[in-house]
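J.: How does the following fold in three dimensions:
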Amino acid sequence: MSDNNRAARQSAYENAVASGRMEGLEPQSGEANDVFKRYVEGELDLDALGAAIDEVNAKEFGPIRLPRDEPSQKSA
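T.: Residues are numbered from 1 along each chain as shown. Next comes the predicted model:
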């Protein structure tokens, strides 16, 4: 991974943390921070990052229902 890509990923991570702080949220999980570090270092792509964070959240908070996991309700 190039230094530019790593810097862009680090910046995206820092912006996400800052955005959360503006909402009154603080990163709590060391395990989640480790996952984000692996993304910044290029060990994970964006899809793998999302899957890994979902796993961390499931361990910490139990199953989380997300709209993307629900079958779509189409009107006839």
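J.: where does this structure dip in pLDDT?
T.: Applying pLDDT under 70 to the chain flags the ranges 28, 64, 69, 72-76.
J.: By residue count, what's the longest helix in this protein?
T.: Looking across the chain with DSSP state H, the single longest helix is helix 3-22.
J.: right, and the helix or strand after it?
T.: Note on helix 3-22: by DSSP states H and E, the next helix or strand toward the C-terminus is helix 30-40.
J.: Residues contacting that following helix, please?
T.: 6, 9-10, 13, 27, 44-46, 48-49, 52-53, 56-57, 59-60 (CB atoms under 8 Å, 6 or more residues apart in numbering). To be clear about C-beta, it is placed using only N, CA and C from the backbone, and glycine gets the same treatment.
J.: can you pull the alpha-carbon coordinates of the longest helix of the chain into PDB?
T.: The C-alpha atoms that make up helix 3-22 are tabulated as PDB, following Å, rounded to 0.1, in the frame of the first residue of the first chain:
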ATOM      1  CA  ASP A   3       2.000   6.100   1.700                       C
ATOM      2  CA  ASN A   4      -0.700   8.200   0.100                       C
ATOM      3  CA  ASN A   5      -3.400   5.500   0.500                       C
ATOM      4  CA  ARG A   6      -2.300   4.900   4.100                       C
ATOM      5  CA  ALA A   7      -2.500   8.600   4.800                       C
ATOM      6  CA  ALA A   8      -6.000   8.800   3.200                       C
ATOM      7  CA  ARG A   9      -7.200   5.900   5.300                       C
ATOM      8  CA  GLN A  10      -5.800   7.400   8.500                       C
ATOM      9  CA  SER A  11      -7.500  10.700   7.700                       C
ATOM     10  CA  ALA A  12     -10.800   9.000   7.000                       C
ATOM     11  CA  TYR A  13     -10.500   7.200  10.400                       C
ATOM     12  CA  GLU A  14      -9.700  10.400  12.200                       C
ATOM     13  CA  ASN A  15     -12.600  12.200  10.600                       C
ATOM     14  CA  ALA A  16     -15.000   9.400  11.600                       C
ATOM     15  CA  VAL A  17     -13.800   9.600  15.200                       C
ATOM     16  CA  ALA A  18     -14.100  13.400  15.200                       C
ATOM     17  CA  SER A  19     -17.600  13.100  13.700                       C
ATOM     18  CA  GLY A  20     -18.600  10.700  16.400                       C
ATOM     19  CA  ARG A  21     -17.200  13.000  19.100                       C
ATOM     20  CA  MET A  22     -19.300  15.800  17.800                       C
END
